[in-house]
Each structure stands twice: as structure tokens, then as C-alpha cells.
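Participant: Structure of the sequence below:
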Amino acid sequence: MSAGSAAEVQETFERIIQGVASPLPPTSDLGPPATSRGNLQPETDFMLGARPNPFQSEVALAPTAPPTMLPSVVSQAPPGELLVPPQSRGADLRMGPAMPAQPVDRTPITSVPGSFSSSESGYGSIESGETPRKPDKSMREITPLERETALRAFPILFSFFCLATFSVPIWTMYHIGEDINVQHWITTKAWCVVFLFLPYIAAHAIHTIKGRPVRMVLVSCLIGTCVVLLLLADSVLVSAHSLAEQLASQDCSSFVRKRDTELSWQRALSFHTLCARKKAKEEGLSEAQAAMKYRIHECEGYIDLAADNPGWSYLEALEKVYRCGGWCYRGPALWVPSTGPRLDSCSRAVADVMLNNIQWTTAQVIIYTTGTLAFVSTTLFVMGPLFAKMGIVW
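Facilitator: Coordinates of the predicted model:
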């Protein structure tokens, strides 16, 4: 770029700066002299002060309407400073007029019933240091109609629950009590477990008369039944386990009752042998043929001897149910016909029943009843607040 061109550019730039920063003359003084304007309108051809406007177009414009956007009086800024329009406090040119200032309420929050800072509202207390929590929407107020309906349905529902929960273990223990081995070796009173149904009938009557749940009745029926079943089942289980080991032993002197049963079977064998000899002489048969043909209860005088030997009825039942022969050792069957392979001894058959039937069944009853006891105990603990919410005194 030549020196002349640089000088012209600098002169032009200074003119622009002077025209922007210098105060504008009145509108009547703007523009060139009237004699040099020609046909141009005063509003479209003007000059800033006495100097020509560098941005002025040299094209003659057509006459137009006077501009309406220019203010009649333009505020002027001092040379070298920017013009800042005056603004009122709080004014926002984009949001409209300024809003009056409002005082801020700095009063501390006090705890009143039902407020957020009070524990009565269900959200916890800020002042007491409680953890804020949401109210439990699932717990709503019980209407009087719902309360009356629940009280009327409670007796039948409670009776149904007891029957559905305890019928199986009660029937199982009754079935175990009817077993011939349990009656002979352990107890003959296990069938009394059926009397556990009587409290359920009494509880239904009491709840119907009172018109509300009775705590003592609930505890007696639920906790009492579980305790009785656990005690009975545990007693039978322990006895069955001990008897299974002693009866499976080859030693007939392991305990007194086993030895007495063996002596009873020996007397029955002697009586049957004498009977077979007598029949063999009368009918001309061999002793073995007569022993196979006649059973011990078919011999003369059996009824009188059976009354003096109560163990014979038990041995007869074992031979009929388990198809065994002998007691401590294998032997011939005396009450039922014995054909085929040699039979197992009845003591081993009873030991197998004690171990695999009685012991296993009572263990199942104990497991079931223990779980039921835990469930009903938890239920009774939960029902207290629920009845209190419903306004029921139990």
C-alpha cells in the first residue's frame, strides 16, 4: 500500500470517529447548503456538521415521507463516552416495568400441630431431630361399616384358619397313635390329640358372643395347639428312635420288654408244636404236615392260654401285617399260613417301622409345627397394632 493511500484511509477513519463522537447539530443545521442540494429532500441528504457524511449515498433518492422513528430531541453524550439510557431501580427492559421491592420474612419456622416441623403431621419433627418421612398412605382410616363387617366375619375366619392349619398335623398324630407298634411300645394315649378340635369350637362360640376377638382365646388356640403337638411329636420321636436301635439288635436281652416278648413267642411255639403232634396222631399225618395245616388259634385250649399271654395278640398282628415269623430270630409263622421263602424276624420288622415310618413322620410334624408356631406368634404380634387402629379392644 502506498503512502498516499495510507494517509487517505487514516483521514477517512478520523472523520468517522469525529462524526460519531462529536455532538450532533440541530436538525435544521444538518446537511449541505440548500443551494447545493439540487432536487434531493432535506431528510435524505444531510451531512454531519460541516463535514460531508462518508456513509452518504451518492444516488439521489426519491421523495419519501418524513421519518417517524427518529426522536425529536436526541440525548447527546460527552465526546469520547458512550450514551447509557437512564434506568430505574429494578427495571428490566425485557420483562416490563420494575416491580416494587418486597421485604423478606426472616421469622424462624415454629412447630405447630399438623405442620411439617411437627411429628403429628407424619413427616417427623425437625426441632426434635426426627428423620422426615412420608406418611403411610396404605394405612387409611377404617370406616364404621368396615369395622362392623370385620368383627362379624372374624369368628368364622378364625375357626377356618385353625382347621386349615392344624387339621393335618392333628390327623397325622392320631394316625401314628393308632399304629399297633406305637400302642404296644410307646403309648396308647396318642389318639387323644383329636380333643384339640374342642378349643376351636369353644373359641368360635366365645368370639360370636363377645362380638370381638379375645386375646386369651387366640393365644390358647394357636400357641397352645402348637405346644401340645410339639411335645407329643417329640416324645414319640425320641421313643421311636431309641426302640429302633434296641429292636434291631440281635441281643434279646437288650431290654426287658424285648426279652419278655421273646419268651411269649416261645410259649406260643411250644403250644402249637403239642397241638400239631396231637392232630398228626388223630389224622395219621406227619407232624410237619399237621403244623402246616393247623394254625395256633385253631388248636384246642387256645382261648384260655391267650388270656394268660397278652403278648400273643401283638405277635399275631405282626404276622398278619408284616408277614414275619419269630421274634428275635427267624421262625415259623404260627398264626398265618407260611408258604414261600423264609420270613424275617418280627423284631427287625418293627425296628424298620419305627425308624422309617414313625420317626420320619413325627419329624415332619415337628418341622411343620415349629414353622406354624413362628408364623402365628408373628401374626399375633402384628394384630395388636392393627386391632388398635380399628378401635378394637382385645
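Participant: From the rest of the structure, what touches stretch 156-170?
Facilitator: 193-194, 196-197, 200, 203-204, 207, 213, 218, 221-222, 225, 229, 233, 365, 368-369, 372, 376 (C-beta atoms under 8 Å, 6 or more residues apart in numbering). The way it works is simple: take the backbone N, C-alpha and C, and place the C-beta from them, glycine included.
Participant: can you list the weak-confidence ranges in the stretch 201-350 of the chain?
Facilitator: 339-342 (pLDDT under 70).
Participant: Spell out, range by range, the helices that occur in it.
Facilitator: 215-247, 256-283, 287-293, 302-308, 311-322, 346-353 (DSSP state H, counting those that start in this stretch).
Participant: which parts of the last one are buried?
Facilitator: Going by neighbour count (16 or more other C-beta atoms under 10 Å), the buried part of helix 346-353 is 346-351, 353.
Participant: what does stretch 201-221 contact?
Facilitator: 151, 154-156, 158-159, 162, 199-200, 380, 383, 387, 392-394.
Participant: Name the member of these with the most neighbours.
Facilitator: Using other C-beta atoms under 10 Å as the neighbour criterion, C162 leads the contacts of stretch 201-221 with 22 neighbours.
Participant: The contacts of stretch 156-170, buried ones only, as a PyMOL selection?
Facilitator: Buried members of the contacts of stretch 156-170, defined by 16+ other C-beta under 10 Å, are picked up in PyMOL with:
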select buried, resi 193+196+200+203+204+207+213+218+221+222+225+229+233+365+368+369+372+376
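Participant: and of the contacts of stretch 201-221, the nearest to A306?
Facilitator: P199 (41.3 Å; C-beta to C-beta).
Participant: and the closest one, what element?
Facilitator: Using DSSP states H and E, P199 maps to helix 197-210.
Participant: Could I get the CA-only coordinates of that helix as PDB?
Facilitator: Taking Å, rounded to 0.1, in the frame of the first residue of the first chain, the C-alpha atoms of helix 197-210 are listed here in PDB:
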ATOM      1  CA  PHE A 197     -60.500 -79.600  68.000                       C
ATOM      2  CA  LEU A 198     -62.700 -78.700  71.000                       C
ATOM      3  CA  PRO A 199     -61.000 -75.400  71.800                       C
ATOM      4  CA  TYR A 200     -61.700 -74.300  68.200                       C
ATOM      5  CA  ILE A 201     -65.400 -74.900  68.800                       C
ATOM      6  CA  ALA A 202     -65.300 -73.000  72.100                       C
ATOM      7  CA  ALA A 203     -63.300 -70.100  70.500                       C
ATOM      8  CA  HIS A 204     -66.000 -69.800  67.800                       C
ATOM      9  CA  ALA A 205     -68.700 -69.500  70.400                       C
ATOM     10  CA  ILE A 206     -66.800 -67.000  72.600                       C
ATOM     11  CA  HIS A 207     -66.000 -64.800  69.600                       C
ATOM     12  CA  THR A 208     -69.600 -64.800  68.400                       C
ATOM     13  CA  ILE A 209     -71.000 -64.000  71.800                       C
ATOM     14  CA  LYS A 210     -68.400 -61.300  72.600                       C
END
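Participant: tell me the angle it makes with helix 215-247.
Facilitator: 170 degrees (axes from the mean of the first three to the mean of the last three C-alpha atoms, to 10 degrees).
Participant: coming back round to it: which of the contacts of stretch 201-221 sits closest to S270?
Facilitator: For those, the nearest to S270 is P199 (52.0 Å; C-beta to C-beta).
Participant: any idea how far the nearest residue to that closest one once chain neighbours are set aside is from G211?
Facilitator: Counting by C-beta to C-beta, 6 or more residues apart in numbering, C221 is the residue found nearest to P199 once chain neighbours are left out, at 5.1 Å. Noted for C221: a distance of 18 Å to G211, by C-beta to C-beta, to the nearest Å.
Participant: Next: W185.
Facilitator: 49 Å.
Participant: Could you do L305 as well?
Facilitator: 64 Å.
Participant: Repeat that for T143.
Facilitator: For T143, the distance to G211 - C-beta to C-beta - is 18 Å.
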